[in-house]
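>>> Provide a 3D model corresponding to the input given below.
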Amino acid sequence: MNENNEKVLLIDGFNLLSRCYFATAYGKEMHELPRNSKGLFINAVRATIQKLGALIRQHEPTHMAVAWDVKRDETLRRETFPDYKGTRGELPEPLIQQYETLVALFGQLGIPQYSVPRYEADDIIGTLVHRWRTEKDGECIIYSNDRDLLQLLCEKTSQLITSKKEEVKYTLLHFQEEFGITPVQWIDVKALLGDKSDNIPGVAGVGEKAALPLIKLYGSVESVYENMEALDPAFKRYLKKLDAGREMALLSKNLCTIFTDVPTVLDMDLDTCRWKLDKDMMKSALLELDINIRVG
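Predicted coordinates for the structure are as follows:
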């Protein structure tokens with residue numbers, strides 16, 4: 001096959017699974033969720049496979065990889081900042097069980113999936129994106145609603161984002177038109193803003209009205225602080241807040257930066273991600289779970 005026809009679909013596993021779980025479990029108690037004859041919960045597994053089939057039909061990838069997070073208290077970022085993701089609650093038991101079911105199912109089907117100690121799914125995706133853009137000519141599509149991944153966009157790489165029940169293929173052009181900066185500078189914007197969902201502090205008192213304009217004007221967090229003594233008058237009211245938040249800004253930038261050099265992923269053959277749907281095998285595997293849906 002001509003390399004120009006190659007296309008990789010990179011899936012943030014927990015992002016997909018969680019969205020499918022909460023969409024199908026909304027308003028229901030645990031005992032109301034569907035189980036199969038073995039007593040296993042299957043609401044999220046069914047929805048995940050349906051979405052995966054839709055993605056394959058729509059985008060026809062030649063390569064695919066599912067990236068899984070490790071436990072949040074076992075990550076490099078938690079080592080750097082003990083409160084990282086510290087505000088998140090425990091995952092529901094049915095979701096955890098269906099994660100285990102899905103990992104086993106993907107393994108049975110030969111779907112490439114990766115989890116690397118101390119790294120998060122974003123880092124695995126970041127490393128695969130970096131390698132794909134340097135080693136392959138084809139398109140790279142990220143499936144995740146995690147906007148941290150926008151820093152990975154380039155001419156070859158887009159991200160599928162769901163907004164208001166509509167799925168958008170968000171490209172580099174979309175990003176440039178919306179924000180007027182480069183994807184790499186998204187890290188600097190996030191460093192100033194922080195991220196409540198990940199408990200990344202940012203700079204207290206510096207919100208959206210200041211963070212993006214500051215990075216547009218100065219280019220990076222470091223440059224903002226290099227120009228503190230001659231800060232543009234439009235930002236003078238943020239001077240004390242920026243000065244007080246210097247350490248947190250630099251820490252937050254470190255936390256927001258996606259790794260692109262994850263061991264194992266860095267050294268693997270990209271063609272181990274080549275995968276083609278075997279409809280009969282998938283149908284048989286799903287029937288073992290008492291799931292009867294259209295695949296492919």
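
>>> can you name every helix or strand that the host helix or strand of residue 168 contacts?
Residue 168 is part of strand 166-170 when elements are defined by DSSP states H and E. Counting contacts by 3 or more C-beta pairs under 8 Å, 6 or more residues apart in numbering; DSSP states H and E, strand 166-170 packs against strand 157-163. C-betas here are computed from N, CA, C, even on glycine.

>>> export the strand it packs on as CSV, just CAs?
Extracted in CSV, the C-alpha atoms of strand 157-163 (Å, rounded to 0.1, in the frame of the first residue of the first chain):
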residue,chain,number,x,y,z
THR,A,157,-3.0,15.5,12.7
SER,A,158,-6.6,16.4,13.7
GLN,A,159,-8.8,15.6,16.7
LEU,A,160,-12.4,14.3,16.8
ILE,A,161,-14.2,16.4,19.4
THR,A,162,-17.9,16.1,20.3
SER,A,163,-19.6,19.4,21.0
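
>>> ok, that strand: who's next to it in the sheet?
strand 139-143 (parallel), strand 166-170 (antiparallel) (DSSP bridges).

>>> now those strands in a markdown table, with distance to residue 281, mean pLDDT and mean neighbour count?
Conversion of those to a markdown table gives the following (distance: least, C-beta to C-beta, whole Å; pLDDT from 0 to 100; neighbours: other C-beta atoms under 10 Å):
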| stretch | distance to residue 281 | mean pLDDT | mean neighbour count |
| --- | --- | --- | --- |
| strand 139-143 | 22 | 98 | 23 |
| strand 166-170 | 27 | 93 | 13 |
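
>>> could those go into JSON lines alongside distance to residue 31?
Output for the strands paired with strand 157-163, formatted as JSON lines (distance: least, C-beta to C-beta, whole Å):
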{"stretch": "strand 139-143", "distance to residue 31": "31"}
{"stretch": "strand 166-170", "distance to residue 31": "32"}
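
>>> those: which one's closest to residue 67?
Comparison of these against residue 67 by C-beta to C-beta identifies strand 139-143 as nearest, at 9.7 Å.

>>> what residues does the closest one touch?
7-12, 15-16, 55, 59, 61, 125, 128-129, 132-133, 149, 152, 156-160, 169 (C-beta atoms under 8 Å, 6 or more residues apart in numbering).

>>> so which of those are in strands?
7, 8, 9, 10, 11, 12, 157, 158, 159, 160, 169 (DSSP state E).

>>> please name the bridge partners of the fifth one.
Read that as residue 11. residue 66, residue 143.

>>> show the contacting residues for it.
Neighbours of residue 11 in contact, by C-beta under 8 Å, 6+ apart: 52, 55, 64, 65, 66, 67, 143, 144.

>>> so can I have CSV of those showing distance to residue 103?
Shown next, in CSV, are the contacts of residue 11 (distance: C-beta to C-beta, whole Å):
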residue, distance to residue 103
52, 14
55, 18
64, 15
65, 14
66, 9
67, 12
143, 17
144, 18
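
>>> alright, I will stop here.
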